[in-house]
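[1] Provide a 3D model corresponding to the input given below.
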Amino acid sequence: MSIDSSKAHQRIILRRKIRQGLGIFGFFAVIIAIVAGLAYARGAPSGYSEPSAEVLATLTEVEQAQASGRRDVPSALNNKFDDSFPEALVSPALVLPGGPPPDGIPAIDRPFFERIDQIDWLDDREPVIVLTLKDSTGQDITRAYPVQVLTWHEIVNDTVAGRAVVVSYCPLCNSAIAFERRLPDGDVLDFGTSGSLLHSAMVMFDRQTESLWAHFTGEAIIGALAGTTLPLLPVATVSYSELKSSFPDALVLSQTTGFGREYGQTPYPGYDDVNSRPFLFSGEVEGPLLAKTRVLALRAGTDSVAVPLKELATAGVATIELDGSPVVLLHTAGTTSALDERAIVDSRDVGATGVFVAADSDGVALDLRFDIDRPGLFRSTDGTDWNVLGVAVSGPRAGDRLESVEHVDTFWFAIVTYEPDTRIVHP
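    Sure thing, here's the model as predicted:
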């Protein structure tokens, strides 16, 4: 992305904000974004990796879409609806302004990454969102997105292993979820934060049609693309230490974002107090769990399951049925909360989870148990030790990986509100 194109991009955003009449606060937010964007365009400091050619190619496509003038047409984002829009999946009255204007929480559109051996600003216990995809040669490509960065931006538009993806994190519902952002017709969407909430969960918007999307489901809920669903991608939120031991060649999203934020600090200290109520949540939570009870949520087909995290932490490993198929659940200690103390590194340990098809690559059923001699590892009957990311770290299958199952560590209110038929499973 050239400096000139970055300036043009910022001018487009400014014109849109003024046209939408966001008021004086929105205007100053845009001015700040422009200054930050121009500083960002001057480049990152030495030692940081430039975005790959595939990322830049996607950005060019995005910029062309942003410059096409489509922001002047009716859109769900500016409440200018059109009779040609598909029927909305939810009433617009349920989508509540959360405070910031659109793009007020700035998505990362041009991510910079660092090698693990370059990083001295992440503590081993801090949470990172890990995404691994296979490229065209079958090689695993792993990217990690520190929650200390995502908590200030919520969205990263990226391209991993040749696939356009969006990695999203919603602090208010405590959920990290990733999707493919290329539609079946080949169009690539570019996502931003709308500033609105649906059931106290982030609502995204795509900059191509300005449809509104539910972060928790990856579904367009209002606008030109209403009814469209993005394919979910399995991610795991684990400690930085787990990432380093499992994927030492992984690239890690940098703190060099072009925005001045207190990375390492959370703007939501104490938010995961189980006795507090979710922000702007008016619904009634059914079931035996408090709204902010931490759960491991799994969704497949028509099935939705929630496993209380404390119970899974006690069990360590469990096998359950999900949509008629067995899956194995793992929990290990060593990952801090991102919603507890102001400094994430000082927060309490909530651990990390992994979910996998309950059979190895040869189709042999897994029978995992705690590895008593090696805390944090799980031993299969053949003597192989596996970690919470499903990587065999020692034994006869060392180097193998289990097949990941999409899951999300979240609050009970979020999964039961979006999936009312969610069943609670006690491991």
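
[2] so what are the domain limits for this structure?
    Using automatic domain parsing, the domain ranges for the chain come out as 46-239, 284-424.

[3] out of those, which gets nearest to Val252?
    With respect to Val252, and counting by Cβ to Cβ, the nearest of these is domain 46-239 at 4.7 Å. No exception for glycine: its C-beta is placed from N, CA and C like everyone else's.

[4] whichever strand or helix holds Ala176 pairs with which strands, parallel or anti?
    Using DSSP states H and E, Ala176 sits within strand 175-180. The sheet places strand 175-180 alongside strand 163-170 (antiparallel), strand 232-233 (antiparallel), with pairing taken from DSSP bridges.

[5] now do the following helix or strand past the shortest one against strand 163-170, angle only.
    So the one you mean is strand 232-233. Moving toward the C-terminus from strand 232-233, the next helix or strand (DSSP H and E) is strand 235-239. Counting by axes from the mean of the first three to the mean of the last three Cα atoms, to 10 degrees, strand 235-239 lies at 60 degrees to strand 163-170.

[6] who does strand 235-239 touch, helix- and strand-wise?
    strand 127-134, strand 175-180, strand 352-357 (3 or more Cβ pairs under 8 Å, 6 or more residues apart in numbering; DSSP states H and E).

[7] just the angle between it and strand 127-134, please?
    On the basis of the same axes, to 10 degrees, strand 235-239 is oriented at 140 degrees to strand 127-134.

[8] how about the spatially closest residue to His199 that is not a sequence neighbour, secondary structure?
    Nearest non-adjacent residue to His199, counting by Cβ to Cβ, 6 or more residues apart in numbering: Thr417, 4.5 Å away. For Thr417, the assignment made with DSSP: H, G, I helix; E, B strand; the rest coil gives helix.

[9] so which of the strands paired with strand 175-180 is the most surrounded?
    strand 163-170 (a mean of 25; mean count of other Cβ atoms under 10 Å).

[10] now tabulate the strands paired with strand 175-180 in TSV and tack on mean pLDDT.
    As requested, these are exported to TSV (pLDDT from 0 to 100):
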stretch	mean pLDDT
strand 163-170	98
strand 232-233	96
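
[11] among these, which is nearest Pro278?
    Using Cβ to Cβ, the nearest of the strands paired with strand 175-180 to Pro278 is strand 163-170, at 11.0 Å.

[12] lowest-pLDDT helix or strand in this structure?
    Ranking every helix and strand in the chain by mean pLDDT, DSSP states H and E puts helix 23-41 at the bottom, with a mean of 36.

[13] nearest to Pro231, out of the helices and strands packed on strand 235-239?
    It's strand 175-180; of these, that one is closest to Pro231 (Cβ to Cβ) at 4.5 Å.

[14] low-confidence ranges in the stretch 251-400 of the chain?
    361 (pLDDT under 70).

[15] residue ranges for the helices of it, please.
    Along the stretch 251-400 of the chain, counting by DSSP state H, counting those that start in this stretch, helices occupy 309-315.

[16] can you give me the strands for it?
    With DSSP state E, counting those that start in this stretch as the criterion, the stretch 251-400 of the chain has strands at 251-253, 294-300, 303-308, 317-322, 325-332, 352-357, 369-370, 378-379, 385-386, 392-394.

[17] who does the residue nearest the centre of the chain bridge with?
    For the chain, the residue sitting closest to the mean C-alpha position, by Cα atoms, centre = their mean, is Ser168 at 2.9 Å. Beta-bridge pairing for Ser168 (DSSP bridges): Ile155, Ile177.

[18] which residues are in contact with it?
    154-156, 176-179, 191, 202, 204, 215 (Cβ atoms under 8 Å, 6 or more residues apart in numbering).

[19] just flag the most distant two among those.
    Most distant of the contacts of Ser168, by Cβ to Cβ, are Ala176 and Phe191, 14.6 Å apart.

[20] let me see the contact set for Phe191.
    Phe191 touches 107, 155, 157, 166, 168, 181, 204-207, 213, counting by Cβ under 8 Å, 6+ apart.

[21] got a markdown table for the domains of the chain, with distance to Phe247 too?
    Below are the domains of the chain laid out as a markdown table (distance: least, Cβ to Cβ, whole Å):
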| stretch | distance to Phe247 |
| --- | --- |
| domain 46-239 | 4 |
| domain 284-424 | 8 |
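
[22] any idea which of the ones you listed gets closest to Asp273?
    domain 284-424 (6.9 Å).

[23] and the end-to-end length of the closest one?
    17 Å (Cα to Cα, to the nearest Å).

[24] check the offset of that domain from the chain's centre.
    17 Å (Cα atoms, centre = their mean, to the nearest Å).

[25] go on, stretch 100-115?
    13 Å.

[26] rounded mean pLDDT for that stretch, please.
    Stretch 100-115 shows a mean pLDDT of 95.

[27] measure that stretch end to end?
    33 Å.

[28] just the CA trace of stretch 143-160, in CSV.
    Extracted C-alpha coordinates of stretch 143-160, given in CSV (Å, rounded to 0.1, in the frame of the first residue of the first chain):
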residue,chain,number,x,y,z
ARG,A,143,-0.4,-17.0,12.5
ALA,A,144,-1.0,-15.8,16.1
TYR,A,145,-2.9,-12.7,17.1
PRO,A,146,-2.2,-11.5,20.7
VAL,A,147,-5.4,-10.7,22.6
GLN,A,148,-3.6,-7.6,24.1
VAL,A,149,-3.6,-6.2,20.5
LEU,A,150,-7.0,-7.5,19.4
THR,A,151,-8.8,-6.2,22.5
TRP,A,152,-8.2,-2.7,21.1
HIS,A,153,-9.0,-3.4,17.4
GLU,A,154,-11.4,-6.4,17.5
ILE,A,155,-10.9,-7.2,13.8
VAL,A,156,-7.9,-8.2,11.7
ASN,A,157,-8.4,-8.6,7.9
ASP,A,158,-5.6,-11.0,6.8
THR,A,159,-4.6,-13.5,4.2
VAL,A,160,-3.2,-16.8,5.5
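
[29] returning to what we had before: and the residue nearest to His199, how many residues sit next to it?
    Using other Cβ atoms under 10 Å, Thr417 has 23 neighbouring residues.

[30] mind pulling up the pLDDT for it?
    94.

[31] was I right about it contacting Glu284?
    No: applying Cβ atoms under 8 Å, one finds Thr417 not in contact with Glu284, separated by 9.6 Å.

[32] and the helices in the stretch 51-200 of the chain?
    With DSSP H, counting those that start in this stretch as the criterion, the stretch 51-200 of the chain has helices spanning 53-66, 147-153.
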